[in-house]
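**Student:** Give me a model of this one.
(2 chains)
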Amino acid sequence: GAVVSQHPSRVICKSGTSVKIECRSLDFQATTMFWYRQFPKQSLMLMATSNEGSKATYEQGVEKDKFLINHASLTLSTLTVTSAHPEDSSFYICSGVRGLYNEQFFGPGTRLTVL
Amino acid sequence: AQSVTQPDIHITVSEGASLELRCNYSYGATPYLFWYVQSPGQGLQLLLKYFSGDTLVQGIKGFEAEFKRSQSSFNLRKPSVHWSDAAEYFCAVGEAAGNKLTFGGGTRVLVKP
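**Tutor:** Predicted coordinates:
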């Protein structure tokens, strides 16, 4: 199966700072990557769709200036949480779509804690 | 808009017993349906999917699911659970293969020895 990694797996930061989360497809090229957010004991909510070489498409209610997404290559998408606040603390999960089969593979997630 | 409902938040089952997890969806066209499992510290793993064809779908780890259009359901079953099946299970619907997914609220499965 295809592998998606995320880095870091956990991050703790102070309120007001910015945090970058990387999502990499290790053994396939992902023209599309998705970013989801999961609050404790809740489901995954789609935040944005990231397409290589173009601007991300954000879901309604997601602040694009707060959650900056860059899909610079076919194997890397980054999510930057700018001026993080405690309410941004969550589990962020990315996925990549392997084009040949149109299958979606998920990363292990990044737990962000904002103090 | 599409939506997915998993009526059971928690299910406790004895090891060796059968398991059924319910999933109901709302979608205007033919849905692409998925079941994922999430174990602590691990990413979502695809158990099975339904796009078209045979409505009884076989997946990994001994799981199967049945698509019932008349009931808008896609319930997941396993005849005999193992302790390692304890995890969170998510049903999801998409507009097409490889498209963004809408997830249900999840069902946490606990397995008693």
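**Student:** What are the buried residues along stretch B:68-87?
**Tutor:** By 16 or more other Cβ atoms under 10 Å in any protein chain shown, the buried positions in stretch B:68-87 come out as B:S73, B:F74, B:N75, B:L76, B:K78, B:V81, B:D85, B:A86, B:A87. Quick note: C-beta positions are derived from backbone N, CA and C, even for glycine.
**Student:** Endpoint to endpoint, that stretch covers what distance?
**Tutor:** End-to-end span of stretch B:68-87 (Cα to Cα, to the nearest Å): 25 Å.
**Student:** ok, the residue nearest to B:I60 when sequence neighbours are not counted - contacts?
**Tutor:** Spatially, and ignoring its direct neighbours in sequence, B:I60 is nearest to B:L47 (5.9 Å; Cβ to Cβ, 6 or more residues apart in numbering or on different chains). The contact partners of B:L47, by Cβ atoms under 8 Å, 6 or more residues apart in numbering or on different chains, come to B:W35, B:Y36, B:V37, B:G59, B:I60, B:K61, B:F63, B:A65, B:L76, B:Y89.
**Student:** Within its local environment, how many residues does A:L76 see?
**Tutor:** 16 (other Cβ atoms under 10 Å in any protein chain shown).
**Student:** Double-check it against A:R24; I have them as touching.
**Tutor:** Yes: counting by Cβ atoms under 8 Å, A:L76 does reach A:R24; the two are 5.4 Å apart.
**Student:** Number of residues surrounding the residue in chain A that chain B sits nearest to?
**Tutor:** The minimum distance from chain A to chain B, using Cβ to the nearest Cβ, falls at A:N102 (3.2 Å). By other Cβ under 10 Å, the residues close to A:N102 number 15.
**Student:** Not counting its neighbours along the chain, what's nearest it?
**Tutor:** Setting aside the residues directly before and after it, A:N102 is nearest to B:G98 in space (Cβ to Cβ, 6+ apart), at 3.2 Å.
**Student:** quick one: the residue nearest the centre of chain B and chain A, what's the gap?
**Tutor:** With distances taken as Cα atoms, centre = their mean, the residue of chain B nearest its centroid is B:W35 (3.5 Å). B:W35 is 13 Å from chain A, where distance means Cβ to the nearest Cβ, to the nearest Å.
**Student:** Distance check, the nearest residue to A:T78 once chain neighbours are set aside against A:T49.
**Tutor:** Spatially, and ignoring its direct neighbours in sequence, A:T78 is nearest to A:N70 (4.9 Å; Cβ to Cβ, 6+ apart). Distance of A:N70 to A:T49, given as Cβ to Cβ, to the nearest Å: 13 Å.
**Student:** and if you look at B:E95?
**Tutor:** 12 Å.
**Student:** No further questions, thank you.
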